[in-house]
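Novice: Predicted model and sequence below, questions to follow.
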Amino acid sequence: MHRFAQATAAMTFVLLVAGGLVTSTDSGLAVPDWPLSYGTLFPPMVGGIRYEHTHRLIAAGVALMIAWLAVWLWRREPRRWVRALGYAALGAVLTQAVLGGLTVLLVLPPPMSIAHACLGPFVFCLTVLLALVTSPAWAMRAPSSDSLVGVLAFGTTVAFAIQLILGAVLRHTGRGLTPHVIGAVGAAVLVGWLARRAPRLAAALAVGLMAQVALGLSALSSRDAALVTTAHQGLGALLLAGCLAVTAWVMTPEGWARVDRFRRRVMDYLALTKPRLTLLALVAVLVGFLLGSSRPLEWERLFITLLGAWLVGGGGNALNQWWEREADARMRRTRHRPLPAGRLTPSEALGFGVIAAMLGLLLLAARVNSVAAGLASATIISYVFLYTPLKRRTALCTLVGAVPGAMPPVIGWAAGRGHLSLEAWVLFAMLFFWQLPHFLAIAWVHREDYARAGFRMLPVVDPDGLSTARQMVLYGLALLPISLLPTVLGVAGEWYFVGAALLGLWFVGMTIAAASRRSPARASRVFLASVGYLPVVLGLMVLDRTPI
């Protein structure tokens, strides 16, 4: 098994080199179809076809080898975590194949190309780890007596991984040279620090890094840099895999404990952003951008818009949790959050929220446009300084909170179009009226929790639920005609109209059912229906959108 894992890792590296040649020679679209090449398995091997088709043949062979290795591990390997590595490698290589196909079929969109370029070295790293942990020497290894060595090796691995991502962005967009150079300096500092603690382990990494820098400078200065660029990419993957192997070999239990503490802290900061809520908002931003943009799509502007919106939204959610930390401690559903659980201090959460929100606003203002930045500012102000304190004072807080919640597609539209129009406000109205039954259903299910926290949500001050149920039905009915307006305004086509009408009727039916027999179980069904309704309707709108 060990020898086969070694052969699989070697062939995966050959695949990386072949992929690098495809990119370096601009042969990515030499074959315009997928999975076949010009409708056959054996096209004429001329020009760029020989690079692209050879890459596909090697990829097929590597996928079969990884699949066989995963089956072998499943049948013979007693260690569960090693089997998991094999399954991860198989899943990653299959995902890589799909990404490669989509890259061709969608005519090399930069985000898809970057993802494809980054996932390949990740697959290689997994195969290298499998070759390492299946070797006879693995059981006899002696972790370093200095726990800091393993931590430094892990940090260097992360630095190399970031460099790989920055390199992929530079290669497929032509931008980002400065961050790539800064990252190289950071990686060099870490390798030097590691060399002081463990000279023998870091010697090969130091030599490889110097060669990598030389190849990078040569690729920048050379007019015909295909081979040099390919060597630069291949050596980068080798450095990443080698550093990962060193990390696995020398890391002590104490070192892994340090890494785990760091991971937990990062996850706590991430929890401040309310990831699921932020992800839904980013989907709405994406939809607004796609509907408002002209063709061809500006991928860089889209990425910056999503990054800025994530920072603003995440910062606002962190400030919301900072403000409500005492109330969160009294609620069952929120008492395990980082602040009430004591894993982060209030000052840490406040600082994180302010910095993230300011960075997001500056990014939108500097790299997107002032309209998107202004809308994002209004969103965070209304969410943090209006909705949050009103939750303790009036049941009308839900109406106020629906305003910032409905802004993401408008921000996306402004980022893509540069100005607002009636269509953007229709998107706003759709999310506004969708949120009201969505939030009322949540509050109904958790009204005892909200009462303990002192929040005056409508279900808390409406004991029999009659007013809550009535409003859920009314807002659902209002959503139905508004959701059909994108077709009337020419934003979406007839298929969207039919789908939105059917989904709207279903959603209204769910609210009526909850109103007829008022109970937390029925309210929970409305909540689940709302969660399913929104992404499907937005997805239909994007798929059936009318070109600008």
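Specialist: Nice, I can see it.
Novice: switch to C-alpha atoms for all contacts and neighbour counts from now on
Specialist: Will do.
Novice: Can you report phi and psi for the closest residue to residue 27 other than its chain neighbours?
Specialist: Take residue 27 and drop its neighbours on the chain: the residue closest to it by CA to CA, 6 or more residues apart in numbering is residue 48, 4.8 Å away. With angles defined as degrees, to the nearest 10, residue 48 sits at phi -70, psi -10.
Novice: correct me, but residue 48 touches residue 25?
Specialist: Yes - counting by CA atoms under 8 Å, residue 48 touches residue 25, with 7.4 Å between them.
Novice: Quick check: which ranges of the stretch 151-300 of the chain have low pLDDT?
Specialist: The stretch 151-300 of the chain contains residues with pLDDT under 70 at 222-224.
Novice: Repeat the analysis, applying 50 as the threshold.
Specialist: Within the stretch 151-300 of the chain, no stretch falls below the threshold (pLDDT under 50).
Novice: what ranges do the strands span in it?
Specialist: Taking DSSP state E, counting those that start in this stretch, the stretch 151-300 of the chain contains no strands at all.
Novice: What are the boundaries of the helices in it?
Specialist: Ranges of helices within the stretch 151-300 of the chain are 177-197, 199-221, 226-250, 253-272, 275-292, 299-323, based on DSSP state H, counting those that start in this stretch.
Novice: quick one: residue 21 from residue 234, how far?
Specialist: As judged by CA to CA, to the nearest Å, residue 21 and residue 234 stand 10 Å apart.
Novice: no no, residue 482
Specialist: As judged by CA to CA, residue 482 and residue 234 stand 53 Å apart.
Novice: do the same with residue 470
Specialist: Counting by CA to CA, the separation of residue 470 from residue 234 is 63 Å.
Novice: Compare these two (neighbour count), which wins?
Specialist: Neighbours around residue 470 and residue 234, counted as other CA atoms under 10 Å, are more numerous at residue 234. The numbers are 21 against 17.
Novice: who are the neighbours in contact with that one?
Specialist: Residues counted as contacts of residue 234 (CA atoms under 8 Å, 6 or more residues apart in numbering) are 13, 16, 17, 20.
Novice: any idea which helix or strand carries the last one?
Specialist: Assessed by DSSP states H and E, residue 20 sits inside helix 2-24.
Novice: tilt between that helix and helix 226-250?
Specialist: 150 degrees (axes from the mean of the first three to the mean of the last three CA atoms, to 10 degrees).
Novice: phi, psi of residue 40?
Specialist: Phi and psi for residue 40, reported as degrees, to the nearest 10, are phi -140, psi 160.
Novice: cool, the one 5 residues further on as well?
Specialist: Backbone torsions for residue 45, taken as degrees, to the nearest 10, come to phi -90, psi 70.
Novice: residues in contact with it?
Specialist: Contact analysis of residue 45 by CA under 8 Å, 6+ apart lists residue 53.
Novice: Next: residue 436.
Specialist: With contact set as CA under 8 Å, 6+ apart, residue 436 has these partners: 398, 399, 402, 472, 475.
Novice: What separation do you get for it and residue 430?
Specialist: Distance, residue 436 to residue 430, by CA to CA: 11 Å.
Novice: Please apply the same query to residue 69.
Specialist: Using CA to CA, residue 69 is found at 50 Å from residue 430.
Novice: what do you get for residue 281?
Specialist: According to CA to CA, residue 281 and residue 430 sit 13 Å apart.
Novice: How about residue 377?
Specialist: Per CA to CA, residue 377 is found 21 Å from residue 430.
Novice: same question, residue 217
Specialist: Look at residue 217 and residue 430: by CA to CA, they are 52 Å apart.
Novice: Neighbour count: these two, which is higher?
Specialist: Neighbour totals were compared for residue 217 and residue 430, and residue 430 leads with 22 against 14 (other CA under 10 Å).
Novice: next helix or strand past whichever helix or strand that one is part of?
Specialist: In this assignment (DSSP H and E), residue 430 forms part of helix 422-445. Using DSSP H and E, the next helix or strand after helix 422-445 towards the C-terminus is helix 447-453.
Novice: List the buried residues for that next one?
Specialist: Buried residues in helix 447-453, counting neighbours by 16 or more other CA atoms under 10 Å, are found at 447, 448, 449, 450, 451, 453.
Novice: tell me the contacts of the third one?
Specialist: Under the criterion of CA under 8 Å, 6+ apart, the neighbours of residue 449 are 330, 331, 332, 333.
Novice: Please apply the same query to the fifth one.
Specialist: For residue 451, the residues meeting the contact criterion (CA under 8 Å, 6+ apart) are residue 460.
Novice: residues in contact with the closest residue to residue 135 other than its chain neighbours?
Specialist: Of all residues not flanking residue 135 in the chain, residue 2 sits nearest, at 5.5 Å (CA to CA, 6+ apart). By CA under 8 Å, 6+ apart, the residues touching residue 2 are 131, 132, 134, 135.
Novice: neighbours around residue 272, how many?
Specialist: By other CA under 10 Å, 24 other residues sit near residue 272.
Novice: wait, doesn't it sit right on residue 318?
Specialist: Yes - under the criterion of CA under 8 Å, residue 272 makes contact with residue 318 at 4.7 Å.
Novice: Mutual contacts of these two, please.
Specialist: residue 349.
Novice: tilt between the helix or strand containing residue 149 and helix 2-24?
Specialist: Using DSSP H and E, residue 149 maps to helix 147-173. On the basis of the same axes, to 10 degrees, helix 147-173 is oriented at 40 degrees to helix 2-24.
Novice: for helix 147-173, packing partners?
Specialist: Packing contacts for helix 147-173, counted by 3 or more CA pairs under 8 Å, 6 or more residues apart in numbering; DSSP states H and E, involve helix 110-133, helix 177-197, helix 226-250, helix 253-272.
Novice: excluding its backbone neighbours, what's nearest residue 529?
Specialist: Closest residue to residue 529 apart from its sequence neighbours, by CA to CA, 6+ apart: residue 507 at 6.6 Å.
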